[in-house]
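Engineer: Take this sequence and fold it.
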Amino acid sequence: MTMGRIKTNIIELNKLYRKPCKGWLERFENGKIDAHEAFKKYGEQYGWLYGHSNYDLIGWEIENKVFNWEQYSWAVAKYCSEYIDAKKYNWEKHSWVIAKYCPEHLDPDRYNWEKHSWVIAEYCPEHLDPERYNWEDSSWAIAQYCPEYIDAKKYNWDEDSWAIAEYCPEHLDPDKYNWDEDSWAIAKYCPDKIDPERYNWEDSSWAIAKYCPEKMILKPKNI
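Structural biologist: Model prediction:
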């Protein structure tokens, strides 16, 4: 939030909470710098400015219609979310910042579900849309951060069975689990779920020996 901040592009050195590094210090003239022009020339430092001053450069840039939404939308979401403009925000690249820092501004119709579904699972699962969520690439995140949203029919068991075993074995479906690739995860995280007829003894016996050697007695004699 920027309440009480000074909305300007002119930064005064003596009003900063701490002095910048030597390189930036040398760019001040008479104790002042035009941060908007400096950021364009030398690269943005929004994080430093908002963390070490009471200035609101982004607010000034937006008010004067010179803010670069394409490149720096993330900074609005992280430092001054009250300025978010859903029509101008770069949802393709910076959707994840909205989900992490200001999910109240999340627009499900604009959100980049393909690339940033996992961030919703981690930071704001209440906004998770199972029909839009990228189950193919991000099933693991639901298992890790919000297993209550697991949909066994949509979950990517081929790639992310291991995450079920590690984070929420109570959701493990032995008929869907990828025993061929992820038997080791069951041995490590939930050995009580071992199915001796399905377990990949050929490739994952080592996991039994390492994590639950007492289960070796389950190994079928014909293997």
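
Engineer: Let me see the ranges of the helices in the protein.
Structural biologist: Assigned by DSSP state H, the helices in the chain fall at 22-25, 35-42, 46-51, 57-63, 69-79, 91-101, 113-123, 135-145, 157-167, 179-189, 201-211.

Engineer: could those helices go into JSON lines alongside mean neighbour count, distance to residue 220 and mean pLDDT?
Structural biologist: Backbone N, C-alpha and C define where each C-beta goes, glycine included. What follows is these, written out as JSON lines (neighbours: other C-beta atoms under 10 Å; distance: least, C-beta to C-beta, whole Å; pLDDT from 0 to 100):
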{"stretch": "helix 22-25", "mean neighbour count": "10", "distance to residue 220": "67", "mean pLDDT": "93"}
{"stretch": "helix 35-42", "mean neighbour count": "15", "distance to residue 220": "66", "mean pLDDT": "96"}
{"stretch": "helix 46-51", "mean neighbour count": "16", "distance to residue 220": "58", "mean pLDDT": "96"}
{"stretch": "helix 57-63", "mean neighbour count": "21", "distance to residue 220": "64", "mean pLDDT": "97"}
{"stretch": "helix 69-79", "mean neighbour count": "20", "distance to residue 220": "54", "mean pLDDT": "98"}
{"stretch": "helix 91-101", "mean neighbour count": "21", "distance to residue 220": "46", "mean pLDDT": "98"}
{"stretch": "helix 113-123", "mean neighbour count": "21", "distance to residue 220": "38", "mean pLDDT": "98"}
{"stretch": "helix 135-145", "mean neighbour count": "21", "distance to residue 220": "29", "mean pLDDT": "98"}
{"stretch": "helix 157-167", "mean neighbour count": "21", "distance to residue 220": "21", "mean pLDDT": "98"}
{"stretch": "helix 179-189", "mean neighbour count": "21", "distance to residue 220": "14", "mean pLDDT": "98"}
{"stretch": "helix 201-211", "mean neighbour count": "15", "distance to residue 220": "7", "mean pLDDT": "97"}
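
Engineer: Let's have these in CSV, adding distance to residue 222.
Structural biologist: As requested, the helices of the chain are exported to CSV (distance: least, C-beta to C-beta, whole Å):
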stretch, distance to residue 222
helix 22-25, 70
helix 35-42, 69
helix 46-51, 61
helix 57-63, 68
helix 69-79, 57
helix 91-101, 50
helix 113-123, 42
helix 135-145, 33
helix 157-167, 25
helix 179-189, 17
helix 201-211, 10
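
Engineer: Please name whichever of the ones you listed is nearest to residue 7.
Structural biologist: Judged by C-beta to C-beta, the one of the helices of the chain that comes nearest to residue 7 is helix 57-63, at 4.4 Å.

Engineer: Now do the closest one: which elements does it pack against?
Structural biologist: Counting contacts by 3 or more C-beta pairs under 8 Å, 6 or more residues apart in numbering; DSSP states H and E, helix 57-63 is packed against helix 35-42, helix 46-51, helix 69-79.

Engineer: roughly how far is it from the heart of the chain?
Structural biologist: Put simply, helix 57-63 sits 26 Å off its chain's centre (C-alpha atoms, centre = their mean, to the nearest Å).
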